[in-house]
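In: how does the following fold in three dimensions:
(chains A and B)
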Amino acid sequence: DTAVSQTPKYLVTQMGNDKSIKCEQNLGHDTMYWYKQDSKKFLKIMFSYNNKELIINETVPNRFSPKSPDKAHLNLHINSLELGDSAVYFCASSQDREYTGELFFGEGSRLTVL
Amino acid sequence: DAKTTQPPSMDCAEGRAANLPCNHSTISGNEYVYWYRQIHSQGPQYIIHGLKNNETNEMASLIITEDRKSSTLILPHATLRDTAVYYCIVRPFYGGATNKLIFGTGTLLAVQP
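Out: Reported below is the predicted structural model:
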């Protein structure tokens, strides 16, 4: 079983469209994250949810809206897509918000905005 | 901003030990050193972390200098599958800190056959 799974793996869309990326973890973790990796390979945190509560919001445009229906799921909805949103988006989870162990990452969702 | 400095790239012969350095001269007493790697087209993968003692697991060893200003990740017998970008990250322990890993540019390790 994949610990952290994301769908879709690839997403190609036009500017101005709205799209969503879904993430699920089966590790029983309390905390989930969204990271963005741009074309220069910089990996930056966007959001974090702890047990459905938003705890990190790294000055991401409000076109990006994360939603956590339960602690095993963290979805990312993006409105009015722009060219600069093209990137690989990684979901991750950890046991809890302060756990000093590892973060488990998904395989990524590559978004291409045309 | 990342608080670590790593060489942008390194080569290593297959079967040899790969020693990846990291400078974290401004590390605080309550900060851990973490290592992750990212194989091409995959998500980052945890390798190891430590505070001040040397650590070893099935993947690698972590050597932290006594003053904690630098560390070295050692892959004892590198294989072609170890070709990846390796990230050295410092992160606060407890104290209400959220688990926010800040990735730098990392070191691209190329294992040569």
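In: which secondary element of chain A has the worst mean pLDDT?
Out: The least trusted helix or strand in chain A, going by mean pLDDT, DSSP states H and E, turns out to be strand A:53-57, with a mean of 85.
In: that one pairs with which strands?
Out: Sheet pairing of strand A:53-57 (DSSP bridges) gives strand A:43-50 (antiparallel).
In: give the buried residues for the partner strand.
Out: For strand A:43-50, burial by neighbour count (16 or more other C-beta atoms under 10 Å in any protein chain shown) applies to A:Leu43, A:Ile45, A:Met46, A:Phe47, A:Ser48, A:Tyr49, A:Asn50. All C-beta spots, glycine's among them, are computed from the backbone N, C-alpha and C.
In: ok, residues contacting the helix or strand A:Leu76 falls within?
Out: Element membership for A:Leu76, per DSSP states H and E: strand A:73-78. Identification of contacts with strand A:73-78 by C-beta atoms under 8 Å, 6 or more residues apart in numbering or on different chains yields A:18-25, A:32-34, A:46-47, A:49, A:63-69, A:85, A:89, A:91, A:111.
In: kindly report the same for stretch B:102-113.
Out: With contact meaning C-beta under 8 Å, 6+ apart, stretch B:102-113 is reached by A:41-45, B:1-14, B:18, B:20, B:36, B:38, B:44, B:75, B:78-89, B:91.
In: and the buried ones among those residues, selectable in PyMOL?
Out: Restricted to buried positions by 16+ other C-beta under 10 Å, the PyMOL selection for the contacts of stretch B:102-113 reads:
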select buried, (chain A and resi 43+45) or (chain B and resi 2+3+4+6+10+12+18+20+36+38+44+75+78+82+83+84+85+86+87+88+89+91)
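In: can you tell me which of the contacts of stretch B:102-113 are in strands?
Out: Counting by DSSP state E, the contacts of stretch B:102-113 place A:43-45, B:9-13, B:18, B:20, B:36, B:38, B:75, B:84-89, B:91 in strands.
In: what's the residue closest to the geometric middle of chain A?
Out: Residue closest to the average C-alpha location in chain A (C-alpha atoms, centre = their mean): A:Trp34, at 3.0 Å.
In: so who does it touch?
Out: Residues in contact with A:Trp34 (C-beta under 8 Å, 6+ apart) are A:Cys23, A:Ile45, A:Met46, A:Phe47, A:Ser48, A:Pro66, A:Leu74, A:Leu76, A:Tyr89, A:Phe90, A:Cys91, A:Ala92.
In: output these in JSON lines; the columns should cover pLDDT and distance to B:Ser61.
Out: Output for the contacts of A:Trp34, formatted as JSON lines (pLDDT from 0 to 100; distance: C-beta to C-beta, whole Å):
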{"residue": "A:Cys23", "pLDDT": "97", "distance to B:Ser61": "32"}
{"residue": "A:Ile45", "pLDDT": "91", "distance to B:Ser61": "28"}
{"residue": "A:Met46", "pLDDT": "93", "distance to B:Ser61": "33"}
{"residue": "A:Phe47", "pLDDT": "90", "distance to B:Ser61": "34"}
{"residue": "A:Ser48", "pLDDT": "89", "distance to B:Ser61": "30"}
{"residue": "A:Pro66", "pLDDT": "93", "distance to B:Ser61": "37"}
{"residue": "A:Leu74", "pLDDT": "96", "distance to B:Ser61": "34"}
{"residue": "A:Leu76", "pLDDT": "97", "distance to B:Ser61": "36"}
{"residue": "A:Tyr89", "pLDDT": "97", "distance to B:Ser61": "32"}
{"residue": "A:Phe90", "pLDDT": "97", "distance to B:Ser61": "27"}
{"residue": "A:Cys91", "pLDDT": "97", "distance to B:Ser61": "30"}
{"residue": "A:Ala92", "pLDDT": "94", "distance to B:Ser61": "25"}
